[in-house]
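Visitor: sequence and predicted structure below; questions after.
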Amino acid sequence: MGYYAGVDLGATNVRAAVADDEGTVIAAHERPTPQGPTGIAVTEAVLDCLRSACSSASVDPSAVLTAGIGSIGPLDLAEGAVDNPANLPDSIDRIPLTGPVEQLIHSDRVFLHNDTNAGVIGERFHSDRNPDDMVYVTISSGIGAGVTVDGEVLSGWDGNAGEVGHMIVDPQGRRTCGCGRDGHWEAYCSGNNIPEYAEMLYEDADVDTALPVEDPDFSAKDVFDYAGMDAFADHVVEQLAHWNTLGVTNIAQAYAPIVVHVGGAVALNNEELVVDPIAERVDEYVFNNVPEVQLTSLGDEVVLKGAIASALTDGTGDRTRMRR
Ligand SMILES: [Zn+2]
């Protein structure tokens, strides 16, 4: 039997798992992502996680045939590294990944993807119909997508295809995105931006609300917690649904997916308030065939499961390409 490994490198945690040739996880290991001093410390943490998962599975790392990595970006695909990650301290400039993992498992078959591409690979692999045309959208601290079209996982020449959080949804550009540009989808709807967007709406509306908009700890969670009990909170949720529907509509027009899976903490924690409204409205907006919109079935393990699926299918999630 062959063994396969997957890695989920996030800004907060590193996870690694070893799976059998069906993709069933034998053992996994998780640890916090080092916040410095340099990128090499993060590389070491990834290798440590892989070694620990192998050790728990009683598998020598050299018995792992292939590995998949789903990582925070931006990626330097040619060098197999993360380059100046946006969500880690500035002292972390470069995180080598592919080369060191190849050395550990004694194989040159290591597939590196950004985390949303790993997400769509996982969704594709684990979907009943194994569709060729689908999208995974994450709505969490940021917003992004992984896309497969005609069975090809789109990465773009630099690995940054699917950065849909920076699509302009508001031509008036009232909110400035973390990237410095105006009107971007994630400037309104990501977990990090919802509080400030709600504050802007509050100034516009000039209404009474129980929502603690002026509290320094005011968070996206508050908005969803007050929904159904507070008219202003409902208004914010309604506006978020509007922008999210525009974002998903633009994705559907561009890529013609059969299904759009939505994940990320904001969606996972608020399916009825975040995912269902998109599913209900997208029909009104999309001119192409209307995709099914649903919550990810892989929960917060979607990136790790996608990384394992990538290892099993030469980086595609296509089950007909499983290596046995
Ligand atoms: Zn942006």
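Guide: Nice, I can see it. Numbers count the residues shown, from 1 in each chain.

Visitor: now do the same end-to-end measure for stretch 124-143.
Guide: Using C-alpha to C-alpha, to the nearest Å, the end-to-end distance of stretch 124-143 comes to 19 Å.

Visitor: buried residues in that stretch?
Guide: Neighbour counts using 16 or more other C-beta atoms under 10 Å place 124-127, 132-143 of stretch 124-143 among the buried residues. For the C-beta atoms, the positions are set from N, CA and C on the backbone; glycine is no exception.

Visitor: out of these, what pair is the most spread apart?
Guide: Using C-beta to C-beta, these span at most 30.0 Å, a distance reached by Asp132 and Ser141.

Visitor: and Glu199, how many neighbours?
Guide: 15 (other C-beta atoms under 10 Å).

Visitor: next up, the contacts around it.
Guide: By C-beta atoms under 8 Å, 6 or more residues apart in numbering, Glu199 lies in contact with 213, 218.

Visitor: quick check: which element contains it?
Guide: helix 194-205 (DSSP states H and E).

Visitor: what average pLDDT does that helix get?
Guide: Taken as a whole, helix 194-205 has an average pLDDT of 96.

Visitor: still on that earlier bit, looking at the buried residues of stretch 124-143, which are in helices?
Guide: Mapping those onto helices (DSSP state H) picks out 124-126.

Visitor: one step back: pull out the buried positions in whatever helix or strand comes next after the helix holding Glu199.
Guide: Per DSSP H and E, the first helix or strand lying C-terminal to helix 194-205 is helix 220-226. Neighbour-count burial for helix 220-226 flags 220, 222-224, 226 (criterion: 16+ other C-beta under 10 Å).

Visitor: do the same with stretch 224-234
Guide: So stretch 224-234, judged by 16+ other C-beta under 10 Å, has buried residues 224, 226-227, 230, 232-233.

Visitor: okay if I get these as CSV plus pLDDT and distance to Glu280?
Guide: Below are those laid out as CSV (pLDDT from 0 to 100; distance: C-beta to C-beta, whole Å):
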residue, pLDDT, distance to Glu280
Phe224, 98, 17
Tyr226, 98, 21
Ala227, 97, 16
Asp230, 97, 22
Phe232, 97, 22
Ala233, 98, 19
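
Visitor: can you pull the contacts of Gly144?
Guide: Counted by C-beta under 8 Å, 6+ apart, Gly144 has contacts 114-116, 137-138, 162-165.

Visitor: how about a markdown table for these, with secondary structure and distance to the ion added?
Guide: Output for the contacts of Gly144, formatted as a markdown table (DSSP: H, G, I helix; E, B strand; the rest coil; distance: C-beta to the ion, whole Å):
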| residue | secondary structure | distance to the ion |
| --- | --- | --- |
| Asn114 | strand | 16 |
| Asp115 | helix | 17 |
| Thr116 | helix | 15 |
| Val137 | strand | 15 |
| Thr138 | strand | 15 |
| Gly162 | coil | 14 |
| Glu163 | coil | 8 |
| Val164 | helix | 10 |
| Gly165 | helix | 6 |
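
Visitor: between the residues you listed, which is nearest Ile258?
Guide: Distance to Ile258 across the contacts of Gly144 (C-beta to C-beta) is lowest for Val137, with 14.3 Å.

Visitor: does Glu79 belong to a helix, a strand or coil?
Guide: The assignment at Glu79 comes out as coil when based on DSSP: H, G, I helix; E, B strand; the rest coil.

Visitor: ok, Ala178 to the ion distance?
Guide: Small correction: residue 178 is Gly, not Ala. When distance is defined by C-beta to the ion, to the nearest Å, Gly178 is 6 Å away from the ion.

Visitor: so that residue, which state does it fall into?
Guide: Going by three-state DSSP: Gly178 is coil.

Visitor: what's the neighbour count on it?
Guide: Using other C-beta under 10 Å: Gly178 sits among 17 other residues.

Visitor: kindly report the same for the one 10 residues further on.
Guide: Neighbours of Tyr188 under the rule other C-beta under 10 Å: 27.

Visitor: show residues contacting the helix or strand harbouring it.
Guide: For Tyr188, the element it lies in under DSSP H and E is helix 186-189. Helix 186-189 has contacts (C-beta under 8 Å, 6+ apart) with 139, 142-143, 165-166, 169-170, 175-178, 193-194, 197, 239-240, 243-244, 247, 266.

Visitor: change it to 6 Å
Guide: For helix 186-189, contacts defined as C-beta atoms under 6 Å, 6 or more residues apart in numbering pick out 142-143, 165, 175, 177, 193, 197, 240, 243-244.

Visitor: so which of those comes closest to the ion?
Guide: Cys177 (3.0 Å; C-beta to the ion).

Visitor: how far away is the closest one from Gly263?
Guide: 21 Å (C-beta to C-beta, to the nearest Å).

Visitor: which one of the two has more residues nearby?
Guide: Gly263 (26 against 20).

Visitor: contacts only, for that one.
Guide: Going by C-beta under 6 Å, 6+ apart, the list of residues near Gly263 reads 138, 296, 302.

Visitor: phi and psi next, for the closest residue to it other than its chain neighbours.
Guide: Beyond its immediate neighbours in the sequence, the residue positioned closest to Gly263 (C-beta to C-beta, 6 or more residues apart in numbering) is Thr296, lying 3.6 Å away. Main-chain dihedrals, Thr296, degrees, to the nearest 10: phi -50, psi 140.
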